[in-house]
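mind looking at a prediction? Sequence and model below.
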Amino acid sequence: MPSEDTLKKALASIGKSRANYEYFFERLNSPDWLVPLRDAGFFKIQPPAERVGDMIRFPDWPEAKYLARIASRAPNDVVDVLLALPETDNVRVHDELAIVALALPPAFAEKWVRAKELPWLKRQHSLYFLPERLAQLVGHLAEGERGNTALALGLQLFQPEPDPDTSRVVREIRVKMEDWRYGRLLRQLRPMVVGALGIRGFEFFATLLRTACEVLESESGGDYSCGWRPAIEDHEQNIDDRPIDHLVACTRDAAEDLVSESAVEPADLAQRLLDRGGVFARIGLHILRKFVDRAEGLVARCIGERAYFDSTDLRHEYDALAEAAGNRLPESAVDLVLGWVEEGPEWADRRTESGTPEDDVKRSIRFWERDRLYPMRNVLPPKWALRYAALVADLGEPDHPGFLSYRRTWAGPTSPRTLEDLRAMSLVELLDFLASWRPKDDWMEPSEDGLGRLLEQLVVAEPDRFVPNCERFESLDPTYVRSVLAGVTAVVKTGKRIQWSPVLRLCSWVIDQPRSIPSRKLSRKMDRDPDWGWTRKQIADLLVCGLEPRLNGIPIGDRQATWRLVEALSRDSDPENIPNEQSSMDPFTQSLNTVRGQAMHALMHYALWVGRDGEAEQAEPSSEGLPKEVATLLDAALNPETEPSEAVRGVFGRWLWMLAEVDPDWLTVRIEKIFPVADCHLSLRRAAWETYLALTTPTGPLLKLLGDQYSWALNRLKVPEENGKRRHLAKPGERLAEHLMVLYWQGQIEAETVGGLLCAFFNNADLSLREHALSFVGRSLHGAPADGVVKEWVARAQALFERRLVLAAEKPNDFGAEVRTFGWWFSASALDLDWRFEQLGPVLRVSPDLGGAFLVVEELAKHAAQRPSDVLEALERLLDRENSRWLVLGSQAAVEAILSATLEHENVTVRDRATAVVHRLGAQGHDGFRSLLKGAGARRSTS
Amino acid sequence: MTSNVDSLRAALTLTGSQRVLRSRLAALNGNLERMYIGGLTVLQDETNPDRFALAAHALRELLEKLPAHFDVPQKKSKERINDKLINLAQQWGHARKSGCHKDGTWDGAIDKRLRSFLEHVKSFFDWHERHHPSRNAEAADALRRLDATGRRLPPPLENLNLKFLEEIRSFFVKVSHHGCVVEFAEFAHWLDALERFLLDRLSPRTFDDHEELDRLMSEGANA
């Protein structure tokens, strides 16, 4: 027993900090301290659950850990403590107390379970992580001959209840834990409970299953277990992950355990189960099947029981038993069954009376006969064997014997032939097959779309065979023509040289077809193209691909044929004019997924192609500006009356940089058309502007052209979004901030210019956008190599940061968050190290939560030996912050590196400061740093 | 203000642990540091006949302002609670006209007037609980925030700490009010107690404590 003085000193020490208190109770091992500590007020109240908003936290109780350690040595005292505790809502404490109970002898643990845990458990609906421990306790009590208490605790723990969610179509059962945990714990407990308690253990699982069935029956009026559990044995048709399935499996396995260990005769147990009916009767038949040679009498009686024969619920287990019994079945039982088959199904007359055609009824009866004879097919008398063989010859073998219904999954679309089959065909055979094959109109059947997908693969695999002959696919279904062109597109992407002329002729033929096919019938599956629209889109994709600057693209000699296609596709009816807010796509994404949109991209590629290849081949004299045909078509596309689509307008935003380079004069006079100022065309303006922002890196020339547009966008920052449903490729505000930062560090705009773009941004943008701007610069610099950024750009970035930091220091609430992502800046080696350290202190003072703090710690570690005081000061400030615990856990190696370097520093002040930091970390609960002190101390004393 | 403190600081001779405490208080809040340094400076001035009362006043202020630094809810002014009481009295006036109130007795189901009054009573006490914590609750909250884990100690330890803190505070209050005659040695004892208490929390020596605990546990087991 500790002396009064020792106790007093211990209390004084553990009262200094939570870390000391936890350290003490997590290591104290002597039962002698229990009474003195209890007299000092410990072990009398547990910490309650803490609720903060919607969150709930369960604090631990270190005192319980001590109780668990001494429980086996001082069970009486420990139980007295447990019984005197008030009830708590803290689930973690319940878990810790269950650990104490597990350490107690079962007779002592039982006292706590009966007096404290059971009454509490009855009122709980959700136990979080507690079930694991309580399940262990059930096993502990069962194995310790405390069966009644074990079963009472188990029943409370696993009790199924009706799910209160009334919105479900079918009422489910609810349990006190996650479904997967429920199954796992039941499975873990079964051998222990059945082993220790025998038939009582089996009844424990059966009781839980009965309760669950009652919940389900209350909805359905009968358990109809074959609906929710197709097979009693493990089977792919079972769902298996719901509590009811776990209960069926455990009850079944507990029954098998008992019979296997000869604790009960199979016939006795099966009869007991059959008498209970429902799913229990099915388990009874299952047991008879498993132990068929040990219960032949009951097996014969069951097979010869008409009610069992007729029951749809018992059907699967009945058939399985009949098949397993085989030759063991007495002739009388077989005759009885064959007599019932001869009589026919009880539904036959009803169907006839209800007007079902006689032939259909007869055929259904033949299916029924076949299925009922199937389990006995090996023991049928000769006459019946012949009859069964005739049925099979007519109808085939049963697909899924023993099941009245069967679930299947399917993935599609599928092809009527494999790729190898198609490959083996000659071109003529293939064309004939494509022209003649017709799909069945049924789900899961092969379709044109499935066949088309293989055709595409075939073209990719053998381009030399198919590309020169692609015109021969004319007149086939659009689905196949599209697939061939998709294959050609894929081949072009690989850089392979192809013959373009036949491809362009095929495309030209497609363009000449009427877009819609009025006589075409479409199935619900969308398993073939509805018209020529999808093929037209494929042609636009092919043109984009073929006009890109790549090896073996479309030769400039095919300019006329190419232009014909581009021009025709740019007049396609797709897209319809869908306002952005009603579309599922932003304008740019929509442009890529529509015929006209993609044709406009092809047009832009065409302009570059003519300039590039036309000049190189001297096919036409070198000229400035856009090709005339392109300019004409672009002008037409800028008329909102004839081209109201946001998708097409987005294409202008995407290619603004190209237009500015190729024909700045043309663009200059059309800026206001691309970005129309009229309110009625606001959506078009936004489509072009937001696509430009998202996909373009700004430059000086673009800024000159678009200065007014930037000003307009900055003014709109203060306008609340009218409709939150608008789709964006990227957040326009954030991209605007990034554009301005790029323009600033390039020297295109100035921070100081009153009324300038940057001033307007910082005046108009909200805090999160301003934070994003500085974060963008920090991230950009962070990724750059030390000497990889232009010095002037670095200087401008630093100057901007300093300006914002001054404001943040003056008004932390208004501006502090702007500099919170300094972690990226601090870890950017392109920035001067002294400058970074100079900023760090003020940033830590003004910004309550530093973004990228882990980057700061890692960077500090690199400089700990050279700048120990600066590094320690920064680390101290980081540790003073809330949530620093997570920072330390996430940056443990870096923190260790800092402390290792500073604890061994030659300067004693540095060492003392580092030592204080280690102690502080200990006070936060980071015990692992203690070894650093010992290591450093040992090395110093050695040296 | 800053230059004043610097000159005072220059005139002071601080022990090593006092320097550590000063710097930790400075890191927390400049005002706390000023109270501490002010108290020590006055105490060191032997020419000042009232130095103990003045130093005690500064140290008591330091103790009482600690919770405010951690945003612990503070007692609100008396006027504010009076406003609340006046409002409650008006509601009481309405409640007495309730149908459940006859001849000075209450009877029957709660009606609209009585329900309204009861809701006002609930709001009042909720407000009072939030804004008028006891000094002990304030101090307990401050201690929790002083702990590096931000978590509470269990009641037996928290009560010990609060009791000790109250003893220190009472001493300084009594001295600051000239409630007793005090010698330097006694004052130094309580000053030392205050400094140690704060240092244990602001600049803990955790792993030294753990070594001490290891020794005590082993001592208790071997006794």
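Arrived safely, thanks for sending.

can I get stretch A:767-787 as PDB, trimmed to CA atoms?
Extracted in PDB, the C-alpha atoms of stretch A:767-787 (Å, rounded to 0.1, in the frame of the first residue of the first chain):
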ATOM      1  CA  LEU A 767     -12.300  36.100 -48.700                       C
ATOM      2  CA  SER A 768     -12.200  32.600 -50.100                       C
ATOM      3  CA  LEU A 769     -11.400  33.900 -53.600                       C
ATOM      4  CA  ARG A 770      -8.600  36.100 -52.300                       C
ATOM      5  CA  GLU A 771      -7.300  33.200 -50.400                       C
ATOM      6  CA  HIS A 772      -7.400  31.100 -53.500                       C
ATOM      7  CA  ALA A 773      -5.400  33.700 -55.400                       C
ATOM      8  CA  LEU A 774      -2.500  33.600 -53.000                       C
ATOM      9  CA  SER A 775      -2.800  29.900 -52.600                       C
ATOM     10  CA  PHE A 776      -2.500  29.500 -56.400                       C
ATOM     11  CA  VAL A 777       0.700  31.500 -56.500                       C
ATOM     12  CA  GLY A 778       2.100  29.600 -53.500                       C
ATOM     13  CA  ARG A 779       1.300  26.200 -55.200                       C
ATOM     14  CA  SER A 780       2.800  27.400 -58.500                       C
ATOM     15  CA  LEU A 781       6.000  28.400 -56.800                       C
ATOM     16  CA  HIS A 782       6.000  25.300 -54.600                       C
ATOM     17  CA  GLY A 783       6.200  23.100 -57.600                       C
ATOM     18  CA  ALA A 784       9.000  25.100 -59.300                       C
ATOM     19  CA  PRO A 785      12.700  24.200 -59.000                       C
ATOM     20  CA  ALA A 786      14.900  26.600 -57.000                       C
ATOM     21  CA  ASP A 787      16.300  28.300 -60.000                       C
END
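
in it, what counts as buried?
A:769-782, A:784 (16 or more other Cβ atoms under 10 Å in any protein chain shown). The C-beta positions use only the backbone N, C-alpha and C, and glycine is treated the same way.

surely residue A:371 is in contact with residue A:399?
No: counting by Cβ atoms under 8 Å, residue A:371 stays clear of residue A:399, with 10.0 Å between them.

got the residues of chain B near chain A?
Counting by Cβ under 8 Å from any Cβ of the partner chain, the residues of chain B close to chain A are B:20, B:27, B:147-157, B:159-161, B:200-201, B:203-210, B:212-214, B:216-217, B:219-221, B:223.

re the thing from before, so for residue A:371 and residue A:399, which residue has more residues nearby?
The neighbour comparison of residue A:371 against residue A:399 (other Cβ atoms under 10 Å in any protein chain shown) goes to residue A:371, with 20 against 9.

make sure the more buried one is indeed in a helix.
Yes: looking at residue A:371 with DSSP: H, G, I helix; E, B strand; the rest coil, it is inside a helix.

do you know how far it is from residue A:846?
80 Å (Cβ to Cβ, to the nearest Å).

try residue B:199
Distance from residue B:199 to residue A:846, by Cβ to Cβ: 28 Å.

more crowded one of the two?
When residue B:199 and residue A:846 are compared for neighbours, residue A:846 comes out ahead with 21 against 17, by other Cβ under 10 Å.

was I right to think the more buried one contacts residue A:809?
Yes: in this structure, residue A:846 is within contact of residue A:809 by Cβ under 8 Å, at 5.3 Å.

with just CA atoms, put stretch A:364-384 into PDB.
Extracted as PDB, the C-alpha positions of stretch A:364-384 are listed here (Å, rounded to 0.1, in the frame of the first residue of the first chain):
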ATOM      1  CA  SER A 364     -47.000 -25.700 -68.200                       C
ATOM      2  CA  ILE A 365     -48.100 -29.000 -66.700                       C
ATOM      3  CA  ARG A 366     -45.300 -30.800 -68.700                       C
ATOM      4  CA  PHE A 367     -42.700 -28.400 -67.200                       C
ATOM      5  CA  TRP A 368     -44.100 -29.000 -63.700                       C
ATOM      6  CA  GLU A 369     -44.000 -32.800 -64.200                       C
ATOM      7  CA  ARG A 370     -40.400 -32.600 -65.400                       C
ATOM      8  CA  ASP A 371     -39.300 -30.500 -62.500                       C
ATOM      9  CA  ARG A 372     -41.100 -32.600 -59.900                       C
ATOM     10  CA  LEU A 373     -39.600 -35.800 -61.300                       C
ATOM     11  CA  TYR A 374     -36.100 -34.300 -61.600                       C
ATOM     12  CA  PRO A 375     -35.000 -35.000 -57.900                       C
ATOM     13  CA  MET A 376     -36.100 -38.700 -58.200                       C
ATOM     14  CA  ARG A 377     -34.800 -39.200 -61.700                       C
ATOM     15  CA  ASN A 378     -32.300 -41.800 -60.500                       C
ATOM     16  CA  VAL A 379     -34.900 -44.000 -58.600                       C
ATOM     17  CA  LEU A 380     -37.900 -43.800 -61.000                       C
ATOM     18  CA  PRO A 381     -39.500 -47.100 -62.000                       C
ATOM     19  CA  PRO A 382     -39.000 -47.900 -65.700                       C
ATOM     20  CA  LYS A 383     -42.300 -46.500 -66.900                       C
ATOM     21  CA  TRP A 384     -41.700 -43.200 -65.200                       C
END
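
no more questions from me, cheers.
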